[in-house]
Each structure stands twice: as C-alpha cells, then as structure tokens.
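Asker: no FASTA, just this:
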C-alpha cells in the first residue's frame, strides 16, 4: 500500500517520491488547520454547511454567545480566506446573505468525517445496543 503523503504530493505535482520537502508539508498542514482552529470560524462554517445560506442576524441567533462584532470580524476573515461569499441582494430593503463558496463546501465535506471520528472517539455517539 502506498504512503498517503506520496499520493498527496503526486496529486499536487509539486514533489515526486524521491524529492520532497517535509517542511513544506508541515507548513501546509499548519496553514490548513490554523484557518479552522480560530474561535468561531469552525462554528460559522458548520452553520453555513448544515443550515445553508443565512443573513447576519440569522447567523447570530444560531451561534449562541457570539457578539455582533466578533461575528462580523470572523465572517470577514472567512470571506478573505475564500470560504464564504458575502452576497448583497438589491432591495428595498437591501439584504446581505452569507453562503459557502465551493472551497467552503469542500472544506465542510472534508471536515465531516473528522467531526464524526471525534464524536466516536470522545464517546459522544452511542451505537446500537
């Protein structure tokens, strides 16, 4: 069976099996996880992935305990990272909708197995008896 790192390197075409930079791979992993490890970012992405497109106040109501300022800042960061689109719909009244980009939807699909694994690992999911 082929090592998964080799498969990933080959799919990116950046390195072949004989010549690769472990530092680059570690940096890429750290960059990927840093986006999702920020407080509220994963909650925002999960909410949009599960509940679909939402307006700002709908998001605030779904995310218990988040302030308007924090939600605004985190949504801006998600937009800058290409995970969320901010869509302004003409009015009256003018409406702003937040929706996942294709990149954000793909991240949601990739994170779902990790969430399921952690629920099982932490005993939050009970199987049939």
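Answerer: Here it is on my side, so go on. Not measured: the values here are computed from a predicted model.
Asker: longest helix in this protein, by residue count?
Answerer: The residue-count maximum for a helix in the chain (DSSP state H) belongs to helix 102-121.
Asker: which strands and helices sit next to that helix?
Answerer: Packed against helix 102-121 by the contact rule (3 or more C-beta pairs under 8 Å, 6 or more residues apart in numbering; DSSP states H and E) you find helix 41-51. From N, CA and C alone the C-beta is placed, and that goes for glycine too.
Asker: quick one on the thing from earlier: let me know the angle separating the longest helix of the chain from helix 41-51.
Answerer: 100 degrees (axes from the mean of the first three to the mean of the last three C-alpha atoms, to 10 degrees).
Asker: report the buried residues of helix 102-121.
Answerer: With burial defined by 16 or more other C-beta atoms under 10 Å, the residues of helix 102-121 counted as buried are 104, 107, 108.
Asker: just give me the closest of those residues to residue 35.
Answerer: Each of those was scored against residue 35 by C-beta to C-beta, and residue 107 proved nearest at 8.3 Å.
Asker: now do the closest one, the pLDDT please.
Answerer: Listed pLDDT for residue 107 reads 88.
Asker: and residue 8, by the same measure?
Answerer: In this model, residue 8 carries a pLDDT of 61.
Asker: likewise for residue 16?
Answerer: 53.
Asker: the one 4 residues further on too?
Answerer: Note for residue 20: predicted pLDDT of 62.
Asker: likewise residue 65?
Answerer: Looking at residue 65, the pLDDT reads 92.
Asker: and it, how many neighbours?
Answerer: Residues near residue 65, counting by other C-beta atoms under 10 Å, number 8.
Asker: and the one 4 residues further on, by the same measure?
Answerer: Number of residues near residue 69 (other C-beta under 10 Å) recorded here: 8.
Asker: distance to residue 98 for the buried residues of helix 102-121 - can I get that in JSON lines?
Answerer: As requested, those are exported to JSON lines (distance: C-beta to C-beta, whole Å):
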{"residue": "104", "distance to residue 98": "10"}
{"residue": "107", "distance to residue 98": "15"}
{"residue": "108", "distance to residue 98": "14"}
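Asker: cool, thanks, talk later.
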